[in-house]
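Undergrad: here is my input, please return the structure:
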Amino acid sequence: MKSRRLLFLMIFLLTCSSGCQSFQPPAIESSPAPTPALPPGNIAPSHAGDLLWKGCYGAPSDCFQTSTLDEPFEVVVSPDKTGVFAVGLTSNTLVVYDRDPATGELTYNSCFVDQETSNPDCSKAPALDGARSVAVSPDGRSIYVVSSKRNESPEGDNGIVTFDREPSTNHLQFASCIQDNDRAPNFECGPNNHKPGLSGNRAIMVSKDGASVYVAGHDDAAVTVFSRAASGELTWVGCVTDFQNPNPDTCAQSPNINALKDTHSVVLSPDDRFVYVASAGDHAINTFARDPSTSKLTWLGCVADAGTNVCPKTNPGLRGARSIAIAQDGSAVYVAATEESAIGILKRDKVTGELLPTNDCVKDSNSMETCSTTAETLGGVHFVAVSPDANSETLYAAGRGDNAIVWFDRDPSTATLNNPECIDDGSSPACTAAPVAPSLTGVTSLAVAPDLVTKSLYLVSRLEDALVWFSIQ
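TA: Numbers count the residues shown, from 1 in each chain. Presented below is the predicted three-dimensional model:
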């Protein structure tokens, strides 16, 4: 990786031996920086949905330098598209960037760090040790971060932290926090702010009506439910867990729910009526009906990986289910199956919420799964996202094991994924004919911002401590 960066720099210097202005990365508190030069070998995208590398922010030498994102794990864009928020798993941070909707360019704004972590550049907040997932409320006035670590010492704070946001400035202020009742190492949130179901938090999602918040508690095999006030304040409603869980932690158990082991992702349907939860341990996707008046969930059924007996219905491409993306029209669901390096494809009944197997998937060229379509650089696929632009039918996937991003044209009538293309950091020969993009090692999350003119994709690279920016054609 370092040798490639040196090569990029040498070519740039030779090319710009005359007539080029000198470039200096901005300091953390500086004004917006100029767009970095396109990496050598990068070419202009050819059709809608293609990606063009624009720049990166973080520790690598070819990025604008910031020092507050160690092992970034997730990135999101605010609904008003003026803010981007990323969390650092080992830096225990929430980092805030201002976003220019006209260009997609980011400017560092501020950061928060766990109150027990030394970082003079950031404001302090409790329960951020092991910050792993972040969400923004639909009104843009609340930011939520969940924290946890697994098989590490210390365990992390196993909490959910609420920040108030001023949309016009992206200024954040710590509001409150809630931690797990038996896995929080310190009572940082106060003696009355400990609730079950928050051990090993992996994901958080806010309903589109802003009334509910749902958290996937990996170690508790649970989905935890909160109601949300207009102020952003959260009230614990309850949690549901797998009936085979030997330590249900006072969460509600049902003899029908047996596919919530190692919960990893939670998403809502476009109409807010249904919640879908990925179980990496049971290789399954669970469907819940949502009551908007109470935020409570009712389990409806599940679909598991082919060859398993956890659920009545099966579909290939679900082993190690880690991330879920729903088509904008609600007709299809796509699942990143890390263990099989595949994307499972399910159809969806928009009236009942039921997931319908297609018996199909897309797999990496080295995967042993049985799928109708093969795509390069899907190794260890970790995250999937559908462009939220109603006029776009593109699905993006993070091939974490191949240091690459893969994208597909989505057929709305059949839910199939076609015409795969990829971009990588140059470490894989699979994308040699495509552009090269620095700082893609260990991609864990993608976020798409659909503006009227400029569309952008942002990702975080856990192993390079970087946030990377692409424009979408």
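Undergrad: contacting residues around G379?
TA: S341, D364, N366, G399, R400, G401, D402 (Cβ atoms under 8 Å, 6 or more residues apart in numbering). Any C-beta I mention is one placed from the backbone N, CA and C, and that applies to glycine too.
Undergrad: 10 Å instead, please
TA: 338, 341, 364-367, 399-404, 428, 430 (Cβ atoms under 10 Å, 6 or more residues apart in numbering).
Undergrad: redo these as a markdown table? Include distance to T314.
TA: Converted to a markdown table, those look like this (distance: Cβ to Cβ, whole Å):
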| residue | distance to T314 |
| --- | --- |
| T338 | 18 |
| S341 | 18 |
| D364 | 20 |
| S365 | 24 |
| N366 | 23 |
| S367 | 17 |
| G399 | 25 |
| R400 | 25 |
| G401 | 25 |
| D402 | 27 |
| N403 | 31 |
| A404 | 28 |
| S428 | 31 |
| A430 | 30 |
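Undergrad: hey, what's A342 bridged with?
TA: A337, K363 (DSSP bridges).
Undergrad: my bad, should have said Y108
TA: Here Y108, judged by DSSP bridges, has bridge partners Y97.
Undergrad: can I get the contacts of G379 in CSV with neighbour count and pLDDT?
TA: Formatted as CSV, the entries for the contacts of G379 read as follows, by neighbours: other Cβ atoms under 10 Å; pLDDT from 0 to 100:
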residue, neighbour count, pLDDT
T338, 20, 95
S341, 28, 96
D364, 25, 94
S365, 13, 90
N366, 12, 91
S367, 22, 94
G399, 28, 90
R400, 26, 90
G401, 19, 88
D402, 28, 89
N403, 26, 90
A404, 26, 91
S428, 18, 69
A430, 20, 71
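Undergrad: just give me the closest of those to G104.
TA: Ranked by distance to G104 (Cβ to Cβ), the contacts of G379 are led by A404 at 20.9 Å.
Undergrad: test my guess that that closest one contacts H382.
TA: No. Counting by Cβ atoms under 10 Å, A404 stays clear of H382, with 11.1 Å between them.
Undergrad: need the overlap of contacts for those two.
TA: With Cβ under 10 Å, 6+ apart as the test, A404 and H382 both reach A397, A398, V443.
Undergrad: so which of the contacts of G379 is the closest to Q328?
TA: Nearest member of those to Q328, counting by Cβ to Cβ, is G399, at 23.0 Å.
Undergrad: how about the helices of the stretch 101-250 of the chain, start to end?
TA: Using DSSP state H, counting those that start in this stretch, no helices are found in the stretch 101-250 of the chain.
Undergrad: for the stretch 301-450 of the chain, same thing?
TA: Under DSSP H, counting those that start in this stretch, the stretch 301-450 of the chain gives no helices.
Undergrad: flag the shaky bits of it, pLDDT-wise.
TA: Applying pLDDT under 70 to the stretch 301-450 of the chain flags residues 389-392, 428, 432-435.
Undergrad: and the strands in it?
TA: With DSSP state E, counting those that start in this stretch, the ranges of strands along the stretch 301-450 of the chain come out as 313-315, 321-326, 332-337, 342-348, 355-364, 373-375, 381-386, 394-399, 404-410, 417-424, 443-450.
Undergrad: send me the fourth one as CSV with only the CA atoms.
TA: What follows is strand 342-348 as a C-alpha-only set of coordinates in CSV (Å, rounded to 0.1, in the frame of the first residue of the first chain):
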residue,chain,number,x,y,z
ALA,A,342,-22.3,-13.5,-1.2
ILE,A,343,-25.4,-11.2,-1.4
GLY,A,344,-28.6,-13.0,-0.7
ILE,A,345,-31.6,-11.8,-2.8
LEU,A,346,-35.2,-11.9,-1.3
LYS,A,347,-38.4,-10.5,-2.6
ARG,A,348,-40.8,-8.7,-0.3
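Undergrad: just how off-centre is that strand within its chain?
TA: 18 Å (Cα atoms, centre = their mean, to the nearest Å).
Undergrad: repeat for the first one
TA: Counting by Cα atoms, centre = their mean, strand 313-315 is centred 25 Å from the centre of its parent chain.
Undergrad: tell me the bridge partners for P72.
TA: Residues in beta-bridge contact with P72 (DSSP bridges): G88.
Undergrad: give me the number of residues near it?
TA: 33 (other Cβ atoms under 10 Å).
Undergrad: isn't it up against T441?
TA: No. Applying Cβ under 10 Å, one finds P72 not in contact with T441, separated by 11.8 Å.
Undergrad: which neighbours do the two share?
TA: Joint contacts of P72 and T441 (Cβ under 10 Å, 6+ apart) are S461, R462, L463, E464, D465, A466.
Undergrad: in space, what's closest to the second one - neighbours in sequence excluded?
TA: Of all residues beyond its chain neighbours, the one nearest R462 is G442 (4.1 Å), with distances taken as Cβ to Cβ, 6 or more residues apart in numbering.
Undergrad: one more: K124?
TA: Q115 (4.3 Å).
Undergrad: do I have it right that the one you found meets S147?
TA: No. Counting by Cβ under 10 Å, S147 is not a contact partner of Q115; they are 12.0 Å apart.
Undergrad: quick check: neighbours shared by these two?
TA: N92, P126, A127, L128, D129, D157.
Undergrad: tell me which of Q115 and S147 has more neighbours.
TA: For the pair Q115 and S147, the greater number of neighbours falls to S147 (30 against 17), based on other Cβ under 10 Å.
Undergrad: ok, and the closest non-adjacent residue to D272?
TA: Distances taken as Cβ to Cβ, 6+ apart place K208 nearest to D272, at 4.9 Å, with adjacent residues excluded.
Undergrad: what pairs with G58 across the strands?
TA: Q65, A466.
Undergrad: quick one: pLDDT of G156?
TA: On the pLDDT scale, G156 is placed at 79.
Undergrad: quick one: contacts for it?
TA: Counting by Cβ under 10 Å, 6+ apart, G156 has contacts 89-90, 92, 114, 127-132, 146-150, 180, 183-185, 199-201.
Undergrad: what is the burial count for the residue nearest to it when sequence neighbours are not counted?
TA: Residue nearest to G156 in three dimensions, not counting chain neighbours: G130, with 2.8 Å by Cβ to Cβ, 6+ apart. Neighbours of G130 under the rule other Cβ under 10 Å: 27.
Undergrad: of all the strands of the stretch 301-450 of the chain, which one is nearest D220?
TA: Across these (criterion: Cβ to Cβ), the nearest stretch is strand 321-326, sitting at 17.4 Å.
Undergrad: strands paired with the closest one, and their directions?
TA: strand 332-337 (antiparallel).
Undergrad: quick one: the partner strand to chain centroid distance?
TA: That offset, for strand 332-337, works out to 14 Å (Cα atoms, centre = their mean).
Undergrad: got the angle between that strand and strand 394-399?
TA: Using axes from the mean of the first three to the mean of the last three Cα atoms, to 10 degrees, one finds that strand 332-337 and strand 394-399 are set 10 degrees apart in direction.
Undergrad: tell me the angle strand 332-337 makes with strand 417-424.
TA: 40 degrees.
Undergrad: who does the spatially closest residue to V146 that is not a sequence neighbour form a beta bridge with?
TA: Spatial nearest neighbour of V146, excluding adjacent residues (Cβ to Cβ, 6+ apart): N201 at 3.8 Å. N201 has these beta-bridge partners by DSSP bridges: G217.
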